[in-house]
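Chemist: Provided below are the primary sequence and the corresponding predicted coordinates.
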Amino acid sequence: MRIPDFVEKRWDRVKKWWDRLPKLPRKWRIVRNLALAPALAVLVLGLLEWPALSPYRAFQRLEGAYLLTPSRLVLQVERGRTAAYLTEGDSWVTVGSVETYNDAGKPLNIDKNVAILHQVLPKEGIVVVLLPAKNGSDGAVAAVWGGPEEGVSGTLELDLKGISSSHPWTGRVPGLETFTAQAERREDGWFIFQFVPHDGHLENTSCAMEMLLARGPFFSTFGDLEQPYRLTLTDSQGNTVAQQSGTTPPDQRLQKW
């Protein structure tokens, strides 16, 4: 294929202009190349969609994609390769998680953090959410926002039902188990409830709490986050100031594809 004449003429002009430029000594060429290296690195990262080098950065990037900024980190729960985040904005509550993989299907396998938004909820009334990660006791973590200001203590009952186990080494899961946790109101207005699994299960029977957020190739990703609850808030004298029952929000699984 023959190159058009006008292209050859323009190339000749550029080449002549380049040849007339003064030649830098070797040490200055090294300095120039070192100065250009950061700019080249920024260009490469831009072409790779700026890989998130930490799980929280991946979560923040997903929040930004859904315009959920600025936000404040309320709670972070880490277990294994899973990190769960609870954040709040002026008028919303966000629950998300980040999975760190050896291969997330990104160019050069640089971006290993895959983020998911599980719930985005308006900050109205009393909000009860279940975080998609286990605590150090192998149990669930629930967070509550709202309620009367005089409510300083809380009791949360969580009914786990419909939890199944497909792991060949675990036993049958009871059809319904109820778990109870207490919490005090934090300075930022949040109640954080830490649940623990039940002891003393019969042989060949597994605890529903342990199976709720079970990890591994034999389990579902996060179990079922939509579970019935009953919340009671009391004042400093132990008097009930608010009660609410309902179901924790379903998993919306919002992602950036």
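Modeler: Structure's in. What do you need? Numbering: from 1, shown residues only.
Chemist: not counting sequence-adjacent ones, nearest residue to Gly146?
Modeler: Counting by CB to CB, 6 or more residues apart in numbering, Gly146 lies nearest to Ile126, which is 4.1 Å off, once chain neighbours are set aside. For every residue, glycine as well, the C-beta is placed using N, CA and C.
Chemist: the one you found: how many residues sit nearby?
Modeler: 18 (other CB atoms under 10 Å).
Chemist: do the same with Ile30
Modeler: What Ile30 shows, counting by other CB under 10 Å, is a neighbour count of 11.
Chemist: doesn't it fall inside a strand?
Modeler: No - Ile30: not assigned to a strand; according to DSSP: H, G, I helix; E, B strand; the rest coil it is helix.
Chemist: quick one: residues contacting Glu99.
Modeler: Applying CB atoms under 8 Å, 6 or more residues apart in numbering to Glu99 gives the contacts Arg81, Thr82, Asn113, Val114, Ile116.
Chemist: try it again at 6 Å.
Modeler: Contact analysis of Glu99 by CB atoms under 6 Å, 6 or more residues apart in numbering lists Thr82, Val114.
Chemist: secondary structure element for it, which one?
Modeler: If you go by DSSP states H and E, Glu99 is part of strand 92-100.
Chemist: ok, that strand: who's next to it in the sheet?
Modeler: Here strand 92-100 has these sheet partners by DSSP bridges: strand 82-88 (antiparallel), strand 113-122 (antiparallel).
Chemist: using JSON lines, please lay out those strands together with mean pLDDT and mean neighbour count.
Modeler: Formatted as JSON lines, the strands paired with strand 92-100 follow (pLDDT from 0 to 100; neighbours: other CB atoms under 10 Å):
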{"stretch": "strand 82-88", "mean pLDDT": "94", "mean neighbour count": "23"}
{"stretch": "strand 113-122", "mean pLDDT": "92", "mean neighbour count": "20"}
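Chemist: give me the below-cutoff pLDDT ranges for the stretch 51-200 of the chain.
Modeler: Scanning the stretch 51-200 of the chain for pLDDT under 70 picks out the ranges 51-53, 102-111, 164-174, 200.
Chemist: can you give me the helices for it?
Modeler: 55-65 (DSSP state H, counting those that start in this stretch).
Chemist: what residues are up against the residue nearest the centre of the chain?
Modeler: Centroid-nearest residue in the chain: Ser97, 2.1 Å away (criterion: CA atoms, centre = their mean). Neighbour list for Ser97: Ala84, Ile116, Pro132 [criterion: CB under 6 Å, 6+ apart].
Chemist: just Val31 next, same as before
Modeler: Val31 sits next to no residue when contact means CB under 6 Å, 6+ apart.
Chemist: picking that back up, turn the contacts of Ser97 into CSV, including distance to Ala37.
Modeler: Below are these laid out as CSV (distance: CB to CB, whole Å):
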residue, distance to Ala37
Ala84, 37
Ile116, 35
Pro132, 40
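Chemist: name the nearest of the residues you listed relative to Leu158.
Modeler: Comparing those against Leu158 with CB to CB places Pro132 closest, at 14.5 Å.
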